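1. Sequence first, predicted coordinates after that:
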Amino acid sequence: MEVRARAPGKIILAGEHAVVHGSAAVAASIDLYTYVSLRFPTPADNDETISLQLKDVSLEFSWPVARIKEAFPNLETQIPPSSCSLETLKLIASLVDEQNIPEANIGLASGVTAFLWLFTSIHGCKPAKAVVNSELPLGSGLGSSAAFCVALSAAILALSDSVTVDFSHQGWQVFGENELELVNKWAFEGEKIIHGKPSGIDNTVSTYGNMIKFKSGDLTRLKTNMPLKMLITNTKVGRNTKALVASVSERTLRHPTAMASVFTAVDSISSEVAAIIQSPVSDDLAITEKEEKLAELMEMNQGLLQCMGVSHASIETVLRTTLKYKLSTKLTGAGGGGCVLTLLPTLLSGTVVDKVIADLETCGFQCLLAGIGGNGVEFSYIGTY
Ligand SMILES: Nc1ncnc2c1ncn2[C@@H]1O[C@H](COP(=O)(O)OP(=O)(O)O)[C@@H](O)[C@H]1O
Ligand SMILES: C[C@@](O)(CCOP(=O)(O)O)CC(=O)O
Ligand SMILES: [Mg+2]
């Protein structure tokens, strides 16, 4: 009995960080996915463990079911989701510690903790094997943590009683509205373990796909016929979302009034971005005008992200490089390195795009052109149920 789920990564067009503090943000899914397969062993397998294989980092973790029962004598499965208590988090952290994660990969510990908590909350101590692989760079601002939590939640729920599914369906299928909501809620609880204080935008756009406006937990799905092309540049500078979100909160505590103004400005920028994206496109001139406005708003948002203290020398290098070609750029996700977005206007020639990419790659960065606004989470059964 095996299920496979996939969940997309995302770009944030406007509003990262400020969205954690109640401002609006606009995000879109991208066509790079995290995949999770989940399988319950058959009696013939004689496997009494819960295991997690992380292919992207070539690591595998495994816990005998008896060890988990010993650590969690009072474990109860729960639907709908509730938050992981501090006490449970400590118990799970000790199970994760026992796996001796290499120091170089210590950032994975929170993801492994999220897996153990999501799985045991829904299936208790049932033996199972989960395998994860991703097309997303990890820890780079493209929402790998959310895609990981959404794909895990989807796979775990797809093998649970709380989801009614059509086993005869071949290939990828989508959940119903209620089930999507459940996947999103569980994934948000997983993101809390990885991020500390997530806004919920990343798991929401990974669950629902397309393009969304998100404010204080409320989702608005955006309808657009505007062709939007973004160059994504990965500075390859590693960073950690939890630490960056915490640093913005600390700055907010030190300068509450100034930061409130910054967040209000970001809120206006995001609302304007959403309005531009949604307004009907009539002709090339209208597209060019909209692109010019978007470009300016991206520059303004980047300035405010600098005010929040989440830019980085590598991001500034991308800004300077793209400015030579009069292109507008902003960081995406938590910043501090990671990925940067450059708006590529529709009428920009392919030769210029190639030159920009060559310049950025000379700096040691990695460029990619991802499809924007595709499907959200999907799942597929493998073999018989
Ligand atoms: N494919 C994956 N395999 C293992 N862990 C993952 C994977 N994707 C995400 N994670 C978890 O998410 C963390 C990165 O999340 P984060 O710092 O929020 O960056 P981002 O979400 O921008 O990629 C990793 O350190 C790890 O704990
Ligand atoms: C900085 C933030 O706005 C986005 C973080 O995205 P990522 O984990 O860097 O992909 C945090 C959040 O909204 O939870
Ligand atoms: Mg993340």
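-> Everything's here; your move. Ligands and ions are numbered 1, 2, ... in the order given.

2. Could I get the buried residue list for stretch 371-382?
-> Ile372, Gly373, Asn375, Gly376, Val377, Glu378, Phe379, Ser380, Tyr381 (16 or more other CB atoms under 10 Å). All C-beta atoms are positioned from the backbone trio N, CA, C, and that covers glycine.

3. Now it - C-alpha only, PDB.
-> The C-alpha coordinates for stretch 371-382 follow below in PDB (Å, rounded to 0.1, in the frame of the first residue of the first chain):
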ATOM      1  CA  GLY A 371       6.900  28.100 -14.700                       C
ATOM      2  CA  ILE A 372       4.800  30.300 -12.400                       C
ATOM      3  CA  GLY A 373       1.300  29.600 -11.000                       C
ATOM      4  CA  GLY A 374       0.800  25.900 -11.700                       C
ATOM      5  CA  ASN A 375      -1.100  23.300  -9.700                       C
ATOM      6  CA  GLY A 376      -0.900  22.900  -5.900                       C
ATOM      7  CA  VAL A 377      -0.500  19.600  -4.100                       C
ATOM      8  CA  GLU A 378      -1.400  16.300  -5.900                       C
ATOM      9  CA  PHE A 379      -1.200  12.700  -5.000                       C
ATOM     10  CA  SER A 380      -1.300   9.300  -6.700                       C
ATOM     11  CA  TYR A 381      -1.700   5.700  -5.500                       C
ATOM     12  CA  ILE A 382       0.900   3.200  -6.500                       C
END
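
4. Let me have the buried residues of stretch 371-382 in JSON lines, extended by distance to ligand 1.
-> Below are the buried residues of stretch 371-382 laid out as JSON lines (distance: CB to the nearest ligand atom, whole Å):
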{"residue": "Ile372", "distance to ligand 1": "17"}
{"residue": "Gly373", "distance to ligand 1": "19"}
{"residue": "Asn375", "distance to ligand 1": "19"}
{"residue": "Gly376", "distance to ligand 1": "16"}
{"residue": "Val377", "distance to ligand 1": "15"}
{"residue": "Glu378", "distance to ligand 1": "17"}
{"residue": "Phe379", "distance to ligand 1": "17"}
{"residue": "Ser380", "distance to ligand 1": "18"}
{"residue": "Tyr381", "distance to ligand 1": "22"}
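
5. got the residues of this protein near ligand 2?
-> For the chain, the residues in contact with ligand 2 (CB under 6 Å from any ligand atom) are 16-17, 19-20, 141-143, 145, 195, 198-199, 201-202, 241, 245, 333-334.

6. Return the subset of these lying in helices.
-> Ser145, His195, Ile201, Asp202, Thr241, Val245 (DSSP state H).

7. Out of those residues, which is nearest to ligand 3?
-> Ligand 3 lies nearest to Ser145 out of those, by CB to the ion, at 3.3 Å.

8. Please enumerate the strands of the stretch 101-250 of the chain.
-> 128-134, 211-215, 218-222, 230-234 (DSSP state E, counting those that start in this stretch).

9. elements contacting the longest strand seen in the chain?
-> Within the chain, and with DSSP state E defining each element, the longest strand by residue count is strand 25-39. Judged by 3 or more CB pairs under 8 Å, 6 or more residues apart in numbering; DSSP states H and E, strand 25-39 is in contact with strand 2-14, strand 128-134, helix 144-158, helix 201-208, strand 211-215, helix 256-278.

10. Redo those as TSV? Include mean pLDDT, mean neighbour count and distance to Ala187.
-> Shown next, in TSV, are these (pLDDT from 0 to 100; neighbours: other CB atoms under 10 Å; distance: least, CB to CB, whole Å):
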stretch	mean pLDDT	mean neighbour count	distance to Ala187
strand 2-14	97	27	8
strand 128-134	98	20	14
helix 144-158	98	30	4
helix 201-208	98	30	4
strand 211-215	98	23	14
helix 256-278	97	18	22
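
11. Let me know whether Ala114 touches Trp186 as I believe.
-> No. Using CB atoms under 8 Å, Ala114 is not in contact with Trp186, being 9.9 Å away.

12. Identify the residue with the minimum pLDDT among the buried residues of stretch 371-382.
-> Of all these, Tyr381 carries the smallest pLDDT score, 92.

13. Tell me who's in contact with it.
-> Glu2, Val3, Arg4, Ala158, Val165, Phe167, His169 (CB atoms under 8 Å, 6 or more residues apart in numbering).

14. Apply 6 Å and report the result again.
-> Val3, Phe167 (CB atoms under 6 Å, 6 or more residues apart in numbering).

15. go on, Met300?
-> Taking CB under 6 Å, 6+ apart, one finds Ile269 in contact with Met300.
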